[in-house]
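A.B. asks: Below is the sequence, then the predicted model.
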Amino acid sequence: SMQSLFVRACRVQRPERVRSMAFDVCQNTPGWAPSVGNRISPTITLQKARKFDEAVADKFKASTYDEIFKGKKVVLFAVPGAFTGVCEKAHVPSFSKNADAFKAKGIDSIICIAVNDAYVMNAWKNVLGANGSGIDFYGDHNAAFTKYMKQEANLAGAALGTRSQRYAAVIENGVIKVLQVEKAPTDLTVSDGDSVLKALK
């Protein structure tokens, strides 16, 4: 099978390159779509928000699928960019204010993702303060996860370049249970904390 051929071809590669190659293959697999009922690739990685010195100390270790999603019920929401209008003033706070309510619904973690590096996300988290409490921040520095989820957006008009659409998902043990995508990155009508909370069963 194609999968077995891929595995054999990768055996001579370094483990980190195997993970990268596997992600590339999954990202470009025909038929994959980020829709309810589909499982996300176990090869995805993200960079948890932290200081640059901390990343140097841990050798820029990425957070893995197992660490983020395996055996967990996760609310994930993506924003077009750190330190930007709707994201900072409304989207993030909408989840922070509902953190306890999500926990009561069995949610293990709430994570915010943007196409920014982990260090910008860390600085943004610190600036948000209480408005970002109860949320784990991750950087999708090369937009790999965003592209895998087919949510990339060209925001060059706002001097942002390739970024993420605004969306939210509930992912249970790697399976998408809820997916709510805004019609435009400036909208906040279906991916806010209140809307996602209402969508939870």
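C.D. replies: Thanks, I have it.
A.B. asks: which residues does residue 155 contact?
C.D. replies: Residue 155 makes contact with 80, 81, 161, 162, 163, 185, according to C-beta atoms under 8 Å, 6 or more residues apart in numbering. From N, CA and C alone the C-beta is placed, and that goes for glycine too.
A.B. asks: So which of those residues sits lowest on pLDDT?
C.D. replies: Lowest in pLDDT among these is residue 161, which has 74.
A.B. asks: Residue 122: which element?
C.D. replies: helix 118-128 (DSSP states H and E).
A.B. asks: next SSE after that helix?
C.D. replies: strand 136-139.
A.B. asks: Just checking: what are the partner strands of that next one?
C.D. replies: Paired with strand 136-139 in the same sheet, following DSSP bridges, are strand 45-48 (antiparallel), strand 109-114 (parallel).
A.B. asks: With respect to burial, which of the ones you listed scores highest?
C.D. replies: strand 109-114 (a mean of 23; mean count of other C-beta atoms under 10 Å).
A.B. asks: Need the mean per-residue confidence for the helix holding residue 122.
C.D. replies: Mean per-residue pLDDT for helix 118-128: 97.
A.B. asks: Packing partners of that helix?
C.D. replies: The contact analysis (3 or more C-beta pairs under 8 Å, 6 or more residues apart in numbering; DSSP states H and E) places helix 118-128 against helix 52-57, helix 92-96, strand 136-139.
A.B. asks: Please find the angle between the direction vectors of it and strand 109-114.
C.D. replies: Going by axes from the mean of the first three to the mean of the last three C-alpha atoms, to 10 degrees, helix 118-128 is angled at 120 degrees with respect to strand 109-114.
A.B. asks: Would you confirm that residue 148 contacts residue 46?
C.D. replies: No: under the criterion of C-beta atoms under 8 Å, residue 148 is not in contact with residue 46, lying 11.0 Å apart.
A.B. asks: low-scoring stretches of this structure, by residue?
C.D. replies: Regions of the chain meeting the criterion pLDDT under 70 cover residues 1-32.
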